[in-house]
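Chemist: Make a model of this:
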Amino acid sequence: MQDLKITLVQSDLHWEDIEANLAMFEEKVWQIGNSTDVIILPEMFTTGFTMSSHKLAEHMNMRTFKWMKQMADQTGALILGSYIITVHERYYNRLLWMEPGGHYKTYDKRHLFRMANEHKNYSAGESLLISTWKGWRICPLVCYDLRFPVWSRNRWDNAAKRLSYDLAIYVANWPTTRIDAWDTLLKARAIENLSYVAGVNRIGQDGHGIEHNGHSAIISPKGDAIWSNEGDETTRTIELSANSLHSFRDRFPAYLDADDFSIEFEEYEERDLEGII
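Modeler: Below you'll find the model as predicted:
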């Protein structure tokens, strides 16, 4: 396990315009310059956080999928970002994990943001994704998932003698009105899980007039902000230290005292919460 270079792309988005967003992010990817191991794009990076799932959804292996494969092949980096997918007449806010060579995995957003009626327009995921890249175990998640610590709990595997993951990644369209919660929860997830946390949020105003001011960040396992940015379009590469991670976990093995538990799935209660967003 060597050090890992991750690149956060904080950007405004063209509202419900897939082609414009793909062209824009292609330029940003090529401007990264130095080699990197992971490139992280925001939630719904091709459209913005829209409920027009029926109009904008893509099938797997189509336009955005092929674009991410091309970017991964050309950069040699793992690329992560979520967009709208349809499968068997259901819609998902799906994060795509795309490696060079075309090997991919998916994570469907588990916690749907009911205050914007996301739960009425998309289906919730049921499986957590934890996978390995460059020797690092990575857990990618989507926006509202950040508020639910049980789902992302980093658990000790006694047989393997390791924690579930080393880096949690949150891609988001998190609004300015609740940005203090974003900042706080990113740090909380890092502290309680003794892992690095990367959060990539968009900036700018979406099609509903909702403002976003970024605050994309890298948080250390201690809860310190290694880097963060407010309000600017920026592409930033940070190198995460494997030695620092393991050293801290050795000195402070709080995971050995964590409570064991299991997760049971239940249907969400339907309530109309319009106006809260």
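Chemist: For the protein, which segments count as helices?
Modeler: For the chain, the helices defined by DSSP state H occupy 18-30, 53-56, 63-75, 118-121, 179-193, 242-251.
Chemist: want to throw the ones you listed into JSON lines with mean pLDDT?
Modeler: As requested, those are exported to JSON lines (pLDDT from 0 to 100):
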{"stretch": "helix 18-30", "mean pLDDT": "97"}
{"stretch": "helix 53-56", "mean pLDDT": "96"}
{"stretch": "helix 63-75", "mean pLDDT": "97"}
{"stretch": "helix 118-121", "mean pLDDT": "97"}
{"stretch": "helix 179-193", "mean pLDDT": "98"}
{"stretch": "helix 242-251", "mean pLDDT": "97"}
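Chemist: And those: which comes nearest A160?
Modeler: Among the helices of the chain, helix 242-251 comes nearest to A160, with 14.2 Å by C-beta to C-beta. To be clear about C-beta, it is placed using only N, CA and C from the backbone, and glycine gets the same treatment.
Chemist: TSV for the helices of the chain, including distance to D260 and mean neighbour count?
Modeler: As requested, the helices of the chain are exported to TSV (distance: least, C-beta to C-beta, whole Å; neighbours: other C-beta atoms under 10 Å):
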stretch	distance to D260	mean neighbour count
helix 18-30	41	16
helix 53-56	37	15
helix 63-75	37	18
helix 118-121	29	17
helix 179-193	15	19
helix 242-251	19	14
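Chemist: looking at these, which is closest to V150?
Modeler: Closest to V150 of the helices of the chain, according to C-beta to C-beta: helix 179-193, at 10.6 Å.
Chemist: Quick check on G76: phi, psi?
Modeler: phi 70, psi 20 (degrees, to the nearest 10).
Chemist: Pull the number of nearby residues for it.
Modeler: Neighbour count for G76, taken as other C-beta atoms under 10 Å: 12.
Chemist: Run a quick check on it versus I32, I expect a contact.
Modeler: No - using C-beta atoms under 8 Å, G76 is not in contact with I32, being 11.2 Å away.
Chemist: sorry, back to before: which one of the helices of the chain lies closest to F148?
Modeler: Of all those, helix 179-193 comes closest under C-beta to C-beta, at 9.7 Å.
Chemist: Just the CA trace of that closest one, in CSV.
Modeler: Taking Å, rounded to 0.1, in the frame of the first residue of the first chain, the C-alpha atoms of helix 179-193 are listed here in CSV:
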residue,chain,number,x,y,z
ILE,A,179,-22.9,23.7,4.3
ASP,A,180,-22.0,23.8,8.0
ALA,A,181,-23.6,20.4,8.3
TRP,A,182,-21.5,19.2,5.3
ASP,A,183,-18.3,20.5,6.9
THR,A,184,-19.1,18.9,10.3
LEU,A,185,-20.2,15.6,9.0
LEU,A,186,-17.2,15.1,6.8
LYS,A,187,-15.0,15.5,9.8
ALA,A,188,-17.3,13.2,11.9
ARG,A,189,-17.1,10.4,9.4
ALA,A,190,-13.3,10.6,9.3
ILE,A,191,-13.0,10.6,13.1
GLU,A,192,-15.4,7.8,13.9
ASN,A,193,-14.1,5.6,11.1
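Chemist: Which elements pack onto it?
Modeler: If you count contacts as 3 or more C-beta pairs under 8 Å, 6 or more residues apart in numbering; DSSP states H and E, helix 179-193 packs onto strand 167-172, strand 196-201, strand 211-219.
Chemist: Thanks a lot, catch you later.
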